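S.K.: Compute the structure for the input listed below.
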Amino acid sequence: MQRGLNLLQQFAGTFLKDVNLGVLLIDTEFKLMDISDMACRVLGLVKEEAVNQSMDHIFTKLPAQHQLVQRNILDGMVVRNQALSWMNNEERYELLVDTNVLRDEDFNIVGAYIIFKDVTNLRSLEEQVQRSDRLAMIGQIAAGTAHEIRNPLTSIKGFLQVLRKTLQEQGMERECGYTDVMLTEMNRINELVNEFLLLGKPKNVSYDAVDITQVVREILPIINNEAILHGVIVQYEAAYEMPQVIADRELLKQVFLNICKNGIEAMGDGGHLTLVERIDMGDRKVNIDIHDTGPGIPTFVIDKIFDPFFTTKEQGTGLGLSVCQRIIHDIGGHIRVSSKGFGTTFTLSIPFP
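M.R.: Okay, the predicted model is just below:
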């Protein structure tokens, strides 16, 4: 019996340390008795400081409805596969949570446990697949339609420019102003058509070994020029000896420029845009964090920003981030976004061979 008890104790200690699950054990006084290393990492806790503390004290800064654990768990409330979003600084986690009570031989409640699984990558992959399917369908329709729009649009614009010149020569300034408005609106239509064409699979894509640092350095002058117009300061932190990735160089530039431009515009006048390169040797990925000090993205919007045609800009088409995500997804990477009330960080993860 003693040997079996020691074995169980050994298993419990190893389980909490090594298992890739978040595990919390609480007693009947709602105190944390033990916690797994993975739970500490996700929840941002230090085990030595959290154990033997009241759960109310541990999550004191959070309103009751947003706390991971509710007191009614000790009343026998059972939870199975409850989806929950959790923010730890700028890192966002998607969790699946199970809870139940622990009982002794007399069936009295002596505590409870909470177990959660980090399904962030799984949820992200599922959303990317759904968006890719939608983009593929929209892309086929949009690309075909865009060509049909562009041909008559070119003719109309050409004749309108001739008409404008004639009106100008005849001193008809008011009518000339009307043509300026029409040409401006036609340019907007043309830009939208160009974005439609990007939704289809781009032609002449060339996948080669690409140096991310070199790509970023090439577009930094463009980003800086845009930043100067908005009074934004750009900071760039390159990683030492970044591994090369397999990608299309020009499409990567398009992704970096689009996300940086969004960040600069979000800040309005003033602020900091920071680009940081990191190497994750464990997952064999290079990560590029693009952080702005803007107002952040509301929680009810953040899950929609990659959806085609969703935009918060007055003149936006809602296609830029959809295209960026597809480009990164096509080379086996992913884009994550985190925003915590102030500032937003886009993390681009790209695998390297």
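S.K.: Excluding chain neighbours, give the residue nearest to residue 209 in space.
M.R.: residue 244 (4.3 Å; Cβ to Cβ, 6 or more residues apart in numbering). The C-beta positions use only the backbone N, C-alpha and C, and glycine is treated the same way.
S.K.: What is the burial count for that neighbour?
M.R.: 15 (other Cβ atoms under 10 Å).
S.K.: for it, what are its contacts?
M.R.: With contact taken as Cβ atoms under 8 Å, 6 or more residues apart in numbering, residue 244 is in contact with 209, 210, 211, 212, 352, 353.
S.K.: Could I have the buried ones of those residues as ChimeraX selection syntax?
M.R.: A single ChimeraX command selects the buried members of the contacts of residue 244 (16 or more other Cβ atoms under 10 Å):
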select :210,212,352
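S.K.: least confident pick among the contacts of residue 244?
M.R.: Minimum pLDDT for those is recorded at residue 353 (79).
S.K.: Leaving out the residues flanking it, which one is nearest to that residue?
M.R.: Using Cβ to Cβ, 6+ apart, the closest residue to residue 353 is residue 246 (6.6 Å).
S.K.: my read: residue 215 touches residue 254, true?
M.R.: No. Contact criterion Cβ atoms under 8 Å: residue 215 and residue 254 do not qualify, at 10.6 Å.
S.K.: for stretch 235-242, the distance to its chain's centre please.
M.R.: How far stretch 235-242 lies from its chain's middle: 21 Å, per Cα atoms, centre = their mean, to the nearest Å.
S.K.: Ends of it, what's the gap?
M.R.: 18 Å (Cα to Cα, to the nearest Å).
S.K.: Give the buried residues for that stretch.
M.R.: Buried-residue list, stretch 235-242, by 16+ other Cβ under 10 Å: residue 242.
S.K.: Same list (the contacts of residue 244) but as TSV, adding secondary structure and distance to residue 258.
M.R.: Shown next, in TSV, are the contacts of residue 244 (DSSP: H, G, I helix; E, B strand; the rest coil; distance: Cβ to Cβ, whole Å):
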residue	secondary structure	distance to residue 258
209	strand	23
210	strand	17
211	coil	20
212	helix	16
352	coil	22
353	coil	26
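S.K.: which of the contacts of residue 244 lies closest to residue 265?
M.R.: residue 212 (23.6 Å; Cβ to Cβ).
S.K.: Roughly how far does the closest one sit from residue 305?
M.R.: 23 Å (Cβ to Cβ, to the nearest Å).
S.K.: Run through the strands of the protein in chain order.
M.R.: 22-27, 32-35, 79-88, 91-103, 109-118, 208-210, 232-237, 245-247, 271-280, 285-292, 334-339, 344-351 (DSSP state E).
S.K.: chain center to the last one, what's the gap?
M.R.: Spelled out, it's strand 344-351. 7 Å.
S.K.: Could you do stretch 49-56 as well?
M.R.: Distance, centroid of stretch 49-56 to centroid of chain: 32 Å (Cα atoms, centre = their mean).
S.K.: so where is the protein shaky, pLDDT-wise?
M.R.: 1-19, 61-68, 76, 89-90, 121-148, 150, 194-204, 308-319, 340-341 (pLDDT under 70).
S.K.: again, only using 90
M.R.: 1-210, 218-234, 238-255, 257-259, 261-272, 279-285, 292-345, 350-353 (pLDDT under 90).
S.K.: wait, what's in contact with residue 209?
M.R.: For residue 209, counting by Cβ under 8 Å, 6+ apart, the contacting residues are 244, 245, 246.
S.K.: of the residues you listed, closest to residue 343?
M.R.: Among the contacts of residue 209, and counting by Cβ to Cβ, the member closest to residue 343 is residue 245, at 26.6 Å.
S.K.: Next, count neighbours for the closest one.
M.R.: By other Cβ under 10 Å, neighbour count at residue 245 equals 22.
S.K.: Next one: it from residue 210, what distance?
M.R.: 6 Å.
S.K.: what's near enough to touch the residue lying closest to residue 269 once chain neighbours are set aside?
M.R.: In this structure, residue 269 finds its nearest non-sequential neighbour in residue 231, 4.9 Å apart by Cβ to Cβ, 6+ apart. Contacts of residue 231 were listed using Cβ under 8 Å, 6+ apart, and they are 269, 270, 271.
S.K.: Any chance of TSV for those, columns neighbour count and distance to residue 94?
M.R.: Listed next are those as TSV, based on neighbours: other Cβ atoms under 10 Å; distance: Cβ to Cβ, whole Å:
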residue	neighbour count	distance to residue 94
269	8	35
270	10	33
271	19	29
